[in-house]
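Asker: show me how the following folds:
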Amino acid sequence: MRKLCIVCFLIFISFYAFGQNAGKVSGVETEAVNKIGTVPMISVSKIGNVNTPVFNKNCKEILQNYPGSSDGIYTIDPDGSGPEAPISCFCDMTTDGGGWTLVLLSNKEVAGCPRPYWNEVVNNVNINGTFSSDLTSFDLFLGVKYWNMIGNNARLDMGASPKNLSHRAYYNFSLNQNNYYSLVMSNESVTIHTEGTASPGMYTYHNGRPLSTRDADHDVYTIGNCSNNAGNSAWWFGACWSGSFWGGGGQAFEDAPYWNGSSTEYFNYGSIWLR
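Answerer: Below is the predicted model:
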């Protein structure tokens with residue numbers, strides 16, 4: 001009877017600490033559930049006599065450990081046993097085998113965009129809007145220090161809505177931390193192309209370029225900082241952009257994700273996923 005009580009107490013503590021509400025992400029209220037069906041999204045391991053939570057590193061690992069997981073918000077720990085704290089993320093568990101972690105999201109209907117400083121774009125979960133299971137309710141720029149830990153295959157989606165896409169493309173992907181997290185993209189595969197340009201400007205123009213923010217100018221524009229000219233948005237600017245997922249950032253051009261160019265090929269919804 002005593003052993004049963006101890007087990008019940010441990011279950012209660014695990015549920016209380018890692019139960020249905022994910023709380024806040026960078027000060028933004030969330031609608032996270034932190035459960036996979038009826039299974040808590042963390043497991044518990046024992047170190048000596050101490051029970052410790054064990055988090056999955058990314059959405060792919062969650063799906064491998066919990067087959068049949070649904071789309072939604074989960075908690076992951078990209079560096080595993082490393083020093084970084086766990087973070088909340090949105091997982092796509094259905095598209096192309098599932099296991100995709102959302103790292104960037106832009107919605108035309110969400111005014112403005114995240115405007116992180118350099119330290120924030122590297123380290124924070126940067127959100128504009130309401131972080132929830134509704135992919136049209138927020139914008140997201142996940143701290144780039146996590147991207148290589150999460151996966152090296154990228155999926156770019158853009159269109160009228162998450163369920164009504166005009167474009168989808170896949171790449172081998174990484175960020176070069178030694179060059180201000182510059183883009184390294186290769187092996188393009190375009191699977192959805194219903195209008196406009198097949199290849200996104202992120203690949204044809206921004207590939208190889210370092211990341212810039214409102215306070216860290218790494219572009220090749222000699223007159224000023226491209227970030228400052230695009231609503232203080234963070235992007236891999238050249239001089240300045242063709243196909244930025246933030247568009248004009250609420251300051252110039254359309255406040256919308258662009259697939260290519262800076263004039264007409266923009267949409268209501270754009271996202272980048274890693275696996």
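
Asker: first vs last residue of stretch 145-164, how far apart are they?
Answerer: Stretch 145-164 has an end-to-end distance of 31 Å (CA to CA, to the nearest Å).

Asker: scratch that, stretch 112-126 is what I was asking about
Answerer: Across stretch 112-126, the terminal residues are separated by 13 Å (CA to CA).

Asker: who touches that stretch?
Answerer: Contact with stretch 112-126 is made by 25-26, 87-89, 106, 127-128, 139-145, 181, 211, 213-216, 231-234, 246, 249-250, 255, as judged by CB atoms under 8 Å, 6 or more residues apart in numbering. (C-beta placed from N, C-alpha, C; glycine too.)

Asker: any of those buried? List them.
Answerer: 25-26, 87-89, 106, 127-128, 139-145, 181, 211, 213-216, 231-234, 246, 249-250, 255 (16 or more other CB atoms under 10 Å).

Asker: where does the residue nearest the centre of the chain land on pLDDT?
Answerer: What sits nearest the mean C-alpha location of the chain, by CA atoms, centre = their mean, is residue 103, with 1.3 Å. We have a pLDDT of 98 for residue 103.

Asker: would you confirm that it contacts residue 275?
Answerer: No - counting by CB atoms under 8 Å, no contact exists between residue 103 and residue 275, whose distance comes to 10.4 Å.

Asker: give me the common contacts of the two.
Answerer: Shared contacts of residue 103 and residue 275 (CB under 8 Å, 6+ apart): residue 150.

Asker: and the nearest residue to residue 111 once chain neighbours are set aside, what is it in contact with?
Answerer: Among residues not flanking residue 111 along the chain, residue 250 sits closest, at 6.4 Å (CB to CB, 6 or more residues apart in numbering). Going by CB under 8 Å, 6+ apart, residue 250 touches 111, 112, 113, 231.

Asker: the nearest residue in space to residue 243 that is not next to it in sequence and residue 105, how far apart?
Answerer: The shortest distance from residue 243 to any non-neighbouring residue, by CB to CB, 6+ apart, is to residue 201 (2.1 Å). Here the criterion is CB to CB, to the nearest Å. By it, residue 201 lies 18 Å from residue 105.

Asker: who has more neighbours, the two?
Answerer: residue 105 (30 against 21; other CB atoms under 10 Å).

Asker: for that one, helix, strand, or coil?
Answerer: Under DSSP: H, G, I helix; E, B strand; the rest coil, residue 105 falls in the strand class.

Asker: in contact with it, which residues?
Answerer: Per CB under 8 Å, 6+ apart, neighbours of residue 105: 90, 135, 138, 139, 140, 270, 271, 272.

Asker: same question, residue 93
Answerer: Counting by CB under 8 Å, 6+ apart, residue 93 has contacts 59, 62, 63, 69, 70, 71, 72, 99, 100.

Asker: so for it, what's the pLDDT?
Answerer: 98.

Asker: what's the closest non-adjacent residue to it?
Answerer: residue 69 (4.7 Å).
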